[in-house]
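[1] got a sequence here, can you model it:
(one chain, ligands or ions: 1)
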Amino acid sequence: MKQVTIMKQSTKIIGLSLCIIASVYACKSKKIASVPPPPPATAQEPPKAKSICDDMALTYTKDIKPLLDAYCVYCHNTQKKSNGIDLSSYEWVKEEAGKDRFMGSIEHKAGYSPMPRMLYTKPIGPAPGPPSSPMAKITKLSDSTIQVINCWIENGRNL
Ligand code: HEC
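    Predicted structure coming up:
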């Protein structure tokens with residue numbers, strides 16, 4: 001009679017421990033299951049880091065020339081080549097944009113003259129700011145404008 005009770009009790013203990021082990025395991029396997037599966041391997045293309053420039057169809061004529069005409073060409077043209085730089089035609093801009101100093105000066109990186117140079121006396125085109133200030137007084141292009149120039153370069157400096 002006593003033995004039967006002990007037997008029953010140990011069965012209970014074994015059952016309980018199995019329960020605990022099972023729940024711990026269930027918990028563990030749940031964690032494993034929550035890890036996202038790796039993306040399916042594409043047979044055709046190797047995975048390429050997506051750039052925000054990818055979907056931008058930028059050209060010199062449409063996107064870059066109006067910008068440089070407004071902010072740079074007043075000082076960087078065929079007659080007045082400040083620092084020997086002419087930004088008034090595609091050939092010149094394409095070449096200049098291949099140099100570190102081009103984005104260096106536009107992004108105001110250390111070691112380069114910050115551009116555009118501020119102009120107080122002559123309008124150099126539409127400038128952001130109140131209408132009461134027709135003179136271009138900006139000393140740095142906006143982040144989105146700089147992004148456009150960067151992407152135009154990254155995408156191959158197309159005409
Ligand atoms: C008001 C005149 C003026 C304007 C506007 C101007 N620049 Fe300049 N730029 C200069 C002068 C002058 C230099 C010669 C370097 C100096 O004096 O700092 C120069 C130098 C540069 C250099 C060489 C910088 C270096 O550190 O080697 C680059 C590149 C350049 N400009 C690009 C531009 C671009 C791009 C714009 C328009 C976003 C622009 N500039 C607008 C006058 C101007």
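[2] contact residues of the protein facing the ligand?
    71-72, 74-76, 82-83, 85, 101-102, 105-106, 112-113, 115-117, 119, 124 (Cβ under 6 Å from any ligand atom). C-betas here are computed from N, CA, C, even on glycine.
[3] which of the residues you listed fall in strands?
    Per DSSP state E, strands hold no members of the residues of the chain next to the ligand.
[4] restricted to buried residues, select these in ChimeraX.
    A single ChimeraX command selects the buried members of these (16 or more other Cβ atoms under 10 Å):
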select :71,72,74,75,76,85,102,105,106,115,116,117,119,124
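[5] now, the residues of the chain next to the ligand that are in helices?
    Mapping these onto helices (DSSP state H) picks out 71, 101, 102, 105, 106.
[6] can you tell me which two in the residues you listed are farthest apart?
    71 and 101 (16.2 Å; Cβ to Cβ).
[7] got the domain ranges for this protein?
    For the chain, the structural domains run 1-35, 60-154, going by automatic domain parsing.
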